[in-house]
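K.L.:
here is a sequence together with a model predicted from it:
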Amino acid sequence: MADVSEKRSGKTARSSIDPSLFYNPTARGIAYQALLLIGVALLFWWLQSNAAANMAAQGRNTGFGFLNSTAGFNISFTLFPFDRNSTYGEVYLAGILNTLLVAAVGIVLATIVGFILGVARLSPNFLIRKLAMVYVEVARNVPLLLQLLCWYFVLLNAMPPVAQSYGGVEVGEAGLVVLNQRGLYMPRLMTDGRFIALLISIVVAVVIAVWFRRRQVKAMMAEGTRKPVLLPMLGIILIIPIVAYFVFQVPVAFNLPVRQGFNYAGGFVVPPEFTALVAGLVFYTAAFIGEIVRAGIQAVNYGQVEAAAALGLKDGDRLRLVIIPQAMRIIVPPLTSQYLNLTKNSSLGAAIAFPELVNVFMGTAINQSGRAVEIVALTMAVYLTFSLVTSLFMNWYNSRVALVER
Amino acid sequence: MADRSLTYVRTEMAEALPPPKSTTGISAWMRENLFSSPANSLLTIVGLALIIWLAIPIWNFLVADAVFSDPEGLRGEACRFEGVGACWIFIQARFSFFIYGFYPPEEIWRINLMFLIGVILMIPLLAPRAPFTRTAAVLFFLVFPFVAFFLMAGGILSLESVPTNRWGGLTLTLIISLIGIIVSMPVGILLALGRQSRLPVIKGFCIAFIELWRAVPLITVLFMASVMFPLFTPQGMQPDVLLRAIIGICLFESAYMAEVVRGGLQAIPRGQSEASFALGLSKPKTVALITLPQALKHVIPGIVNTFIALFKDTSLVSIIGIFELLNTVRAASSDIAWQFPTDAVTGYIFAGFVFWLFCFGMSRYSIYMENRLHTGHRR
């Protein structure tokens, strides 16, 4: 009896602190969330009031109107005409385009080097395998910033002065490809609006070729016989633009770099900063991509290869239809995140004075205009967009290649 | 019958013959690994050519043309000649600057003492089967940061006060990365748990926080910290430049750590937490005792990778003018007394080697730990 009464008294003691609400998971959840919301709101309110007070004290303006005012500084390398009278909006655009250019070139080269490295890491050849390993261990374990500084230093110091340029010519003559300390000079394409027609015809050709391949593959599936795919595809891609070129009479001329005393003028100039940035990014990212590729290939079960052989698939088909699709399922997600990393790392161009987004916008433009909050927000928005686009692609890809599990 | 000897059959085993010459020794190894096919032989030759092409200039630069001693005390002068290689006397002379930065020379014993305490505390943490692991962990993560801070900053117990703008070199690199890891571990775990929460506000907040920091490059975070923090703090309060950078790094690394931990949490089968609930453990206990330890063990390589990335990323604070290892090296090589043709390269090689040593060491240690903690239920 004593036992029972004790239990009862325990129950009454507990009920005095209202078990229904305190131990109710829903009520607790709402309370936690409300606390977090209030905390975050208070933090933002505090930050905002500080910022308002500070800005009032310094007499600073806010708002995005400054994007239309003249920036008053020049940018050494832009993809569109830019001078001191350009606006901050154009600075922003120039920075984004430069970042995208570095990212695009870097991604293509890093993928090529990375895939070669990944295969080399699995090579039956001892020497090649170990060389690839040394490369990976060195490139991954040294900070990218340090590597970029080294590349920049080497490119500035190992390149010849203007008078002894590689591919250089006498004063007054035009060179084709000229390389010296000032940069890499290449012929620049000179054309007009009709060039767009040529570009459109190339796109049309690729679309038709892809459609043709689909049709052929479907036919192969239905009939069970081999049909030509690759050569007709190449034919389509080549013939349509050539026809378009003659039909529209597209003018194509090249502006060559001409030596004028102590410098070269004209042509398309790639500054050494760009080359150093791309070289550093490629050298660094390729090591990571190499490891991803190696892991992806190793993850494909060897039984798959044997099964494909047992089904009578040819060597090339075995690789193309069995190994690569399965390896790609493992390779692509980390590969995309490496691409995103490369894009983000291109912001280190600021350290070697390459005018990419962070350098021109977060560096120079903040100092000139004083609009810290707006500029930081705009810059971060660009990278956030890149990241969101990448993750959208990833979700689409993952849902496409996901294993169909039974 | 049995004792009848069959003279035409051997009564004992024949001595085993040595393996054929072509399958043993260095020649067989080379035939198998280097010259197994014409294509393979070609690759070997290309590889050898590559090694020779790279190794000779590297050897010349590092050893043959390098300057190792400076008996006459010429400093930069000793390396100022045509075709000079690495100038090791430069590293030797400025070594303490690279390690301690601008720290007052008579106070350097404080840094050394801090390192000593740190290393002593780390031995039980890192070595397998060492005693006092738990005590050392508590001391290292909860007590050591404060001891280290007071040793570095001074201002109490008659220690001379040293402002943070005099901290520098490898010391500062290590300090930033250690603070980064000590802060980002718990914050990252909380964010990862929050991201898995069923409460929509908490989950949304954690996702927004993680994705925001992961989307932007560290350099924009550091720029933001250096230009925007003064704006967002009350008037008259100027946060220390180093503190701004460290806060930026901690925010950034916590987001990465959170994703690593989340990977581990997702790898734990649901049965583990269901079994724990069935045993009557509460939700916090289930997380703390059942899922989190297993998840963390799963992601040790990921945590070490994050730490290696963090260690390399500390070099970025040099862009906002903090003198960590890379920046001290750059400052020293632009010193007038040490002007010589290879000053920058010598410095970069030294800094690169130090970074490499730490990162490579950590990655090897992670592989070793992974194998040791491999307790048999790996899929």
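P.N.:
Looks like it came in fine.
K.L.:
just how off-centre is the helix or strand hosting residue A:317 within its chain?
P.N.:
Here residue A:317 sits within helix A:315-317, counting by DSSP states H and E. Averaging C-alpha positions (Cα atoms, centre = their mean, to the nearest Å) puts helix A:315-317 31 Å from its chain's average.
K.L.:
that one near chain B anywhere?
P.N.:
No - Helix A:315-317 lies out of reach of chain B by Cβ under 8 Å from any Cβ of the partner chain, never closer than 14.4 Å. (C-beta placed from N, C-alpha, C; glycine too.)
K.L.:
which other helices and strands contact the next helix or strand after that helix?
P.N.:
Using DSSP H and E, the helix or strand that follows helix A:315-317 in sequence is helix A:324-345. Judged by 3 or more Cβ pairs under 8 Å, 6 or more residues apart in numbering or on different chains; DSSP states H and E, the packing partners of helix A:324-345 are helix A:88-121, helix A:272-299, helix A:372-401.
K.L.:
quick one: the first one to helix A:372-401, angle?
P.N.:
Between the axes of helix A:88-121 and helix A:372-401, defined by axes from the mean of the first three to the mean of the last three Cα atoms, to 10 degrees, the angle is 40 degrees.
K.L.:
going by neighbour count, list what's buried in the helix or strand following helix A:88-121.
P.N.:
Sequence-wise, the next helix or strand downstream of helix A:88-121 (DSSP H and E) is helix A:126-140. For helix A:126-140, the neighbour count (16 or more other Cβ atoms under 10 Å in any protein chain shown) marks A:126, A:127, A:128, A:129, A:131, A:132, A:135, A:136, A:137, A:139, A:140 as buried.
K.L.:
how about the residues of the stretch 101-250 of chain B near chain A?
P.N.:
Those residues of the stretch 101-250 of chain B that sit near chain A, judged by Cβ under 8 Å from any Cβ, are B:198-202, B:205, B:211-212, B:214-217, B:219-220, B:223-224, B:227-228, B:230-235.
K.L.:
out of those residues, which are inside strands?
P.N.:
Among those, no member falls in strands (DSSP state E).
K.L.:
restrict the residues you listed to the buried ones and give me that as a ChimeraX selection.
P.N.:
Selection of buried members from those for ChimeraX, criterion 16+ other Cβ under 10 Å:
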select /B:199,201,202,205,211,212,214,215,216,217,219,220,223,224,227,228,230,231,233
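K.L.:
what's the neighbour count on residue A:85?
P.N.:
Residues near residue A:85, counting by other Cβ atoms under 10 Å in any protein chain shown, number 10.
K.L.:
please report phi then psi for it.
P.N.:
Backbone torsions for residue A:85, taken as degrees, to the nearest 10, come to phi -90, psi 0.
K.L.:
measure it to chain B for me?
P.N.:
Residue A:85 sits 26 Å away from chain B, going by Cβ to the nearest Cβ, to the nearest Å.
K.L.:
do residue A:381 as well
P.N.:
9 Å.
K.L.:
burial of that residue, as a residue count?
P.N.:
Counted by other Cβ under 10 Å, the residues lying close to residue A:381 total 12.
K.L.:
the one 4 residues further on now?
P.N.:
Here the count is done by other Cβ under 10 Å, and residue A:385 has 12 residues near it.
K.L.:
and what of residue B:351?
P.N.:
Neighbours around residue B:351, by other Cβ under 10 Å: 28.
K.L.:
one more: residue A:156?
P.N.:
14.
K.L.:
next SSE after the helix or strand harbouring it?
P.N.:
Per DSSP H and E, residue A:156 falls inside helix A:144-158. Downstream of helix A:144-158, the first helix or strand assigned by DSSP H and E is strand A:178-180.
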